[in-house]
Structures are given as structure tokens and as C-alpha cells.
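> I'd like to go over a predicted model; first the sequence, then the structure.
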Amino acid sequence: MKRPIPLQGRGSRLNPDTRFADWQRAAFDDGWDAAGDAPVPPPTVLMVDTARSVICRNTSPDVPFSQSINPYKGCEHGCSYCFARPGHAYLGLSPGLDFETHIAWKPDAAAVLRRELAAPGYRCAPIALGINTDGWQPLERRLGLSRQLLHVLAETRHPVSIVTKSALIERDADLLADLARDDLVQVMFSITTLDPDLARRMEPRAASPARRLAAMDCLRRAGVPVGVLCAPLIPALNDHELEGVLAAAKGAGAETAGYVLLRLPRELQALFTDWLQAHFPDRAAHVLSLLRQLRGGKLNDPRFGHRMRGQGVLADLYSQRLARARQRLGLDRPRRTLNTGAFRPPAPDGAQLRLF
């Protein structure tokens, strides 16, 4: 079977069936493909996602938050390595091309969030916005869902942390600056490389590295605390750029920095391997070999305490490089502790107004 060529503007060239399906399809070459015809990239399809709650809770020791909101499921950025891809299987869709082209969104997310924050038993803790998939992906420009959520958080003085690789977040500098005045927000920019060609292959619809740095500088000048995540760090592909990315981010106003080692849960192992062989056939085997060294002989290690950093000599080297670069660049300040004392819950719909 001839392997399909990469689609312009899309990350995955495969669309495997969900692991929950009763059957699996297998592609084969019947000889009827029109020679020389370039495949047409599929359009983006929107699906409404209804939920009684938008706040997700976790007890993972690997992440610095216990609450998160994901206004979208699926992401048009099309990142070849996205750890959220396997989650599309729960929608009956493929973690491959479907993940980039079939996006579920929550049109009533702001109203549901307001209701949850008004619940008598709610206890304020920082919310991470857009962690599973980017809350400022291209569709956000038209739908404005993340901005609606920020309005509710600003109104209630609720702390929020953000990770994005989109320059669209500049649009919301007014709300973010308002939150920053009460120490209620921190924005981390995910920058995987400074090479625009590599970035376009890895993250076909995300902002270029230069635009992310410009957006970081824009928020910094607005008074919003910003930082950088070199995530994911991929051996023999972008790991040599760690110090360079941190230095560029420091110049754009970053005050803190970190990295996350590439994670390949479930279907992502086959999807990333295929992407790697399509774009970097000369080093694909080497990249995968180094990943296995970092993951105890496997391509993925889901254990807490290991999945974000790996293990072994190479993992220790990454950790040492980060520590030295952070210290040299002045990026070693501890992660901000966001203010929870300013929270003021909204009045429930139809409820009597508070006296005080």
C-alpha cells in the first residue's frame, strides 16, 4: 500500500478507526489512484458538545492545577505530537485526521461556568484554561468561546492559568491585564522550535515561533505575567534548541520556563511514527530509539513522575540543561501562586441579590 502524502495545512495523513470500534478498516492500493492529483485537505466540521459541567478535576501530581476547562475537543493546529489526540476516540472519531477536522465546542460554556461558580459548595482554586486542546485555536477567532469564559473569570475575580501557542491571545490582552492587576493570571506560551520550517511541519496551523514571541511581548507590555514551555521536547528533532528557545523567550518577557518530554499515549504512537517517517525518514529510527531509551524501552511510560520527564542518562541531561539555562537567563523564579482571595461568586440565576 502506498503511503498517503502529507496534506497541506494538516498534521496527520492517517485517519485510523477508534480503538472502541467493533471493526477496523485497512487501506490498500487498488491501482485506481489518479497519478499526480494532489489530495484536497478536508474542511473543518463543527459539532456541538453539551455538558452539565465544564470544570474538569484531577489529582495528578504531574500538573500544577486541580481544575481545568477545555472549551474545545479537537484542535485545528494539527500538531503531530498532541497528547490529546487519543481522547477523540471517546467521541467515536479518529485520533488522526478527525482530531484536526471535527471540532466539538461548548456554546453554553460561559453560562455553565457561571452556574458552577455560583454553587454554594464551590471552593475557589486556579482553573487551567485550554490545557487539553488550545483554547485560542483558529476557530476561536470566529466563535469567541475562550473570551466568553475569560469574561466570567474576570467578573468573578477567579484565578486562571493558560497555555497556548496562538498569537490570537493578543485579542484578550484587556481581560488578561485586568486579571493580572489582582495577580489572577499567568500565560505560558508553548514554543517547540525557532525554525519556521520545522514548526510548520510539526504544528501546521499554529502561529509561527516569531508570532508567538511577539504575542508574549505584547502581553508582557500589558502587565500580564508570561512564561515559556518547550513542549514537547523531542530527541534528535528539537531538543538541541532548548537553550535557544529559552533565550528568545527571555527577550520577549518570559519570567519562567519549563519543558515536557514527548508523550505518545495509545494511538499517538502509530500516528507520530507515521508523521516522522513522512517528514524525517533519515532520522525516524534514531528519534524512536532515543525515545525508547527515555521511556524504559517503550515509546510511552504513563507512570506519574515519569511521563513528563522520562528516565535515564538523557533525561538527566535535559533536566540539567534546563536548570542551568534557567539560572543563566534569570528564568528560575518559582511558578506564580495565583490569588484565590479575591474570588466573588456570581449570584445564581433568579436568586435574590446578596445584601453584602
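Arrived safely, thanks for sending.
> surely Gly130 is in contact with Asn70?
Yes. If you go by Cβ atoms under 8 Å, Gly130 and Asn70 touch, sitting 6.4 Å apart. Using the backbone N, CA and C atoms, a C-beta is placed for each residue, glycine as well.
> with neighbour numbers in mind, choose between the two.
Neighbour totals were compared for Gly130 and Asn70, and Gly130 leads with 26 against 22 (other Cβ atoms under 10 Å).
> need the contact list for that one.
Ile69, Asn70, Pro71, Tyr72, Trp136, Ser146, Ile162, Val163, Thr164 (Cβ atoms under 8 Å, 6 or more residues apart in numbering).
> so how far is Ile162 from it?
6 Å (Cβ to Cβ, to the nearest Å).
> try Leu149
Leu149 is 11 Å from Ile162, where distance means Cβ to Cβ.
> quickly list what's touching both of the two.
What both Leu149 and Ile162 touch, as defined by Cβ under 8 Å, 6+ apart, is the set Leu129, Gly135.
> picking that back up, show me the contacts of Gly130 that map onto strands.
Secondary structure from DSSP state E places Ile69, Tyr72, Ile162, Val163, Thr164 of the contacts of Gly130 in strands.
> what sits against Pro42?
Taking Cβ under 8 Å, 6+ apart, one finds Leu7, Arg10, Leu97, Thr101 in contact with Pro42.
> thinking the first one is in contact with Leu14, fair?
No. Taking Cβ under 8 Å as the contact criterion, Leu7 and Leu14 are not neighbours in contact, 10.4 Å apart.
> and for these two, which residues touch both?
The contact lists of Leu7 and Leu14 share Leu97, where a contact means Cβ under 8 Å, 6+ apart.
> Arg141 is in contact with Leu168, isn't it?
Yes. In this structure Arg141 lies within contact range of Leu168 using Cβ under 8 Å: 5.8 Å.
> of those two, who's got more company?
Between Arg141 and Leu168, counted using other Cβ under 10 Å, the more crowded position is Leu168 (19 against 11).
> against Arg212, how distant is the residue nearest to the more buried one when sequence neighbours are not counted?
Counting by Cβ to Cβ, 6 or more residues apart in numbering, Leu168 lies nearest to Trp136, which is 4.4 Å off, once chain neighbours are set aside. Applying Cβ to Cβ, the value for Trp136 to Arg212 is 11 Å.
> surely Thr44 and Thr101 touch.
Yes. Taking Cβ under 8 Å as the definition, Thr44 is a contact partner of Thr101 at 5.4 Å.
> which one of the two is surrounded by more residues?
Thr101 (21 against 15).
> chain neighbours aside, what residue packs nearest to the more buried one?
Pro42 (4.9 Å).
> and that neighbour, what element?
Under DSSP states H and E, no helix or strand contains Pro42.
> how close does it get to Val112?
Pro42 is 30 Å from Val112, by Cβ to Cβ.
> cool, and Lys106?
For Lys106, the distance to Val112 - Cβ to Cβ - is 7 Å.
> more neighbours, these two?
Lys106 (23 against 19).
> where does the stretch 1-150 of the chain dip in pLDDT?
For the stretch 1-150 of the chain, the stretches with pLDDT under 70 are 1-5, 28-39.
> all strands of the stretch 251-356 of the chain, in order?
257-261 (DSSP state E, counting those that start in this stretch).
> what's the neighbour count on Ser68?
Ser68 has 20 nearby residues by other Cβ under 10 Å.
> no further queries at this time; thank you.
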